[in-house]
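next input, structure requested:
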Amino acid sequence: MRPETQHVVAMRPALHRQYTTSESGANPAALEPARPGLYPGEPEACRRDYRLFLPILAHLGLFLAVFKVFRLEGRAFQILVTVALAALPVHYLLPYRWKKPLFVAVSMIGLALVFGPLAAAYVIALALLLIGVCRLPIPWWTRVTTLAVVAVALAIARVRPESLALAVPESVWPVLATMFMFRILIYLYELKYAKAPETVVDTLSYFFLLPNACFLHFPVVDYRTLHRGYFSREIHATQRAGLQMIFDGTIHLLLYRLVYHECLIPAEEVQGAASLVRYLVCNYLLYLRVSGQFHMACGMLHLFGFQLPPTHHHYLLATGFTDYWRRINIYWKDFMVRLVFNPVVFRLKRWPQPAALAIATVVVFVATWALHAYQSYWLRGSWGISGPDALFWGILGALVLVNVQLDARRSRARTRPGKGPLTARGHLVRGAKVAATFTTIALLWSLWSSPTIESWVDLMRRGIRI
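Numbers count the residues shown, from 1 in each chain. Down below sits the predicted model:
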C-alpha cells in the first residue's frame, strides 16, 4: 500500500483580513476605525456634534444682541464678539492641528478691526520682535538682558515718540503693554524651566488672545495653565462653561453700570454717616467692572477650547484678608505666588517658617505695588506712585501678613482637618468676619481712589462730622 498523501489547500483569509498594511501599503491612519465627529488622530475632546454646538452658537448670538441693546463695553467689545461669532463655526469644523493657528489669525484680525491696520501692524511687528528676543539661541540670562535693553528703548519711545524714526500711533503702546508687560515674565520663566522647546504656535496663541484687544486690564493668564487646559475636556462642556462666564460677566457689568450711574455720589457730596457709607460701598463696588471684564475675557477663550480656572471667587464674601487675597483676582495671586512668593520661601527654607513667610509676604506686596505702577506707566504714560497708593498696598500687605502668621499657627495646632456643619453661632461669627473684612476693604479702597491723603482725611472728617 502506498502512503496516503494529503493535499494542503490554502485557506483564503476572512474578508476583513484580506488587505493588511503590509500587503497593500495603505496608510495606517486610513485603517483607523471610523469615529463619527472626529478627524483621524484627533483627541476625543474634539468630537463634533451639531446638536450640541448650534445651541451654543445661538446663545452667543443672543449675548451679542444683549450687548448691542445695552451698549455694553463699547464698540471694540462688540466687534470682537461679532468676530468670535463668525469664526467659531470655522474653528469648530477645522481639524485639531489647525485650530490654534486659526485662533491666532482671528486674534490678529480682531486687533486690526478694533485699532486699524496701521496700529495692528506695529503691534504685530513689535510683538514678533519681543518674542524673537525671548527665543534667541543664547543663554537664558543673556536673553533676559537683551530683552531688558529692548524694553528700556520701548519705554523711552513711549514718552518720547520723536526718538523713533517712524511715528508710532499712540494706541500701539497700551495694546502692546497689555499683551506683554506681565505675560512675558511668565513666558521667560517657562523657557527657563521647560524640558522641551515651546512651539511657535503655542507662543503666538499665548500673546495674541482675541479679547485682549478690547480689555486693556486683562487677567494675567498663566502660559502652562492655558495650554494644559486646551481641549482638556469635552469641547461642548468647555464652551458651555464659557457661556456661563460670559453670563456672569454680563451681570457684573450691568450691576457696575447701575452702581456708577444711579447709586454712587461724588466724594465732595459726602456729609454725614449715611452719605459716607453710601460712598464707601458704591466706590468699592466699582470693581465689578474689572471682575466683569475678566469673566468676559476668559469666557471668550473657553469658546475656542481653552479651559481656564475662575478669575474671582465671591470676593465680597471673604472672611479675612488672606481669604480676600485668595478670592480676588486669582490670576494675579497665582502669578505672585509662582514668580515671587515660592522662590523667596525656597531661598529661605533654612529659616524658621514664620520669618520666611513674613519676608515672602512683604516681598509679594512690594512687588505688587511696583508692578501696578509699572502697569500704569505703560497703559497711561505716567507712573501711578502716590501717597494713597503706597498706603493702600502697605496696609493691605500688613493685614495679610498678620493673617498669614495666624493661619500658619492654626494649621500647626490643628489635629483634625475635617470640619463639621456650621452651627448658628458659627454662621454669626462668619457673618461678622465678612462684614469686618468688607468694611476694612471698602475704607482702604476709598483711600486708594483718593487723589491725596489729605483729601481722604477730609472725606472721613465730613463723613463722621469731626
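
correct me, but Leu130 touches Phe180?
Yes - the pair Leu130 / Phe180 is scored as a contact, 5.8 Å apart, by Cβ atoms under 8 Å. C-betas here are computed from N, CA, C, even on glycine.

these two: which has the busier surroundings?
Ranked by neighbour count (other Cβ atoms under 10 Å), Leu130 and Phe180 place Phe180 first, with 22 against 19.

so what's that one up against?
By Cβ atoms under 8 Å, 6 or more residues apart in numbering, the contact list for Phe180 reads Ala127, Leu130, Phe207.

distance of Arg127 from Ile138?
In this structure residue 127 is Ala, not Arg. Ala127 is 20 Å from Ile138, where distance means Cβ to Cβ, to the nearest Å.

and these two? Which one has more around it.
Neighbours were counted for Ala127 and for Ile138 using other Cβ under 10 Å; Ala127 has more, 20 against 11.

how close does Leu118 sit to Gly229?
With Cβ to Cβ as the criterion, Leu118 and Gly229 are 34 Å apart.

these two - which one has more neighbours?
The residue with more neighbours, out of Leu118 and Gly229, is Gly229; 19 against 13, by other Cβ under 10 Å.

ok, that one touching His302?
No - assessed by Cβ under 8 Å, Gly229 is found out of contact with His302, at 9.1 Å.

circling back to that earlier point, any chance of the contacts of Phe180 in TSV, plus secondary structure, pLDDT and distance to Arg240?
Below are these laid out as TSV (DSSP: H, G, I helix; E, B strand; the rest coil; pLDDT from 0 to 100; distance: Cβ to Cβ, whole Å):
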residue	secondary structure	pLDDT	distance to Arg240
Ala127	helix	96	32
Leu130	helix	96	35
Phe207	helix	97	27
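
lowest-scoring secondary structure element of the chain by mean pLDDT?
helix 21-24 (a mean of 44; mean pLDDT, DSSP states H and E).

can you list the buried residues in the next helix or strand after it?
For helix 21-24, the following helix or strand on the C-terminal side (DSSP states H and E) is helix 50-70. For helix 50-70, a neighbour-count test (16 or more other Cβ atoms under 10 Å) marks Phe53, Ile56, Leu57, His59, Leu60, Phe63, Leu64, Phe67 as buried.

so which of the residues you listed is the closest to Val366?
Phe67 (39.3 Å; Cβ to Cβ).

show residues contacting stretch 57-76.
77-78, 81-82, 84-85, 88-89, 114, 213-214, 243, 246-247, 250, 253-254, 257, 293, 296, 303.

likewise for stretch 309-320?
By Cβ under 8 Å, 6+ apart, the residues outside stretch 309-320 that reach it are 219, 225, 291, 294-295, 298, 324, 326-331, 403, 430, 433-434, 437-438, 441.

from these, list the buried ones, please.
Among those, those classed as buried by 16+ other Cβ under 10 Å are 219, 225, 291, 294-295, 298, 324, 326-331, 403, 434, 437-438, 441.

rewinding a little: what about the contacts of stretch 309-320, which are in helices?
225, 291, 294-295, 298, 324, 326-327, 330-331, 403, 430, 433-434, 437-438, 441 (DSSP state H).
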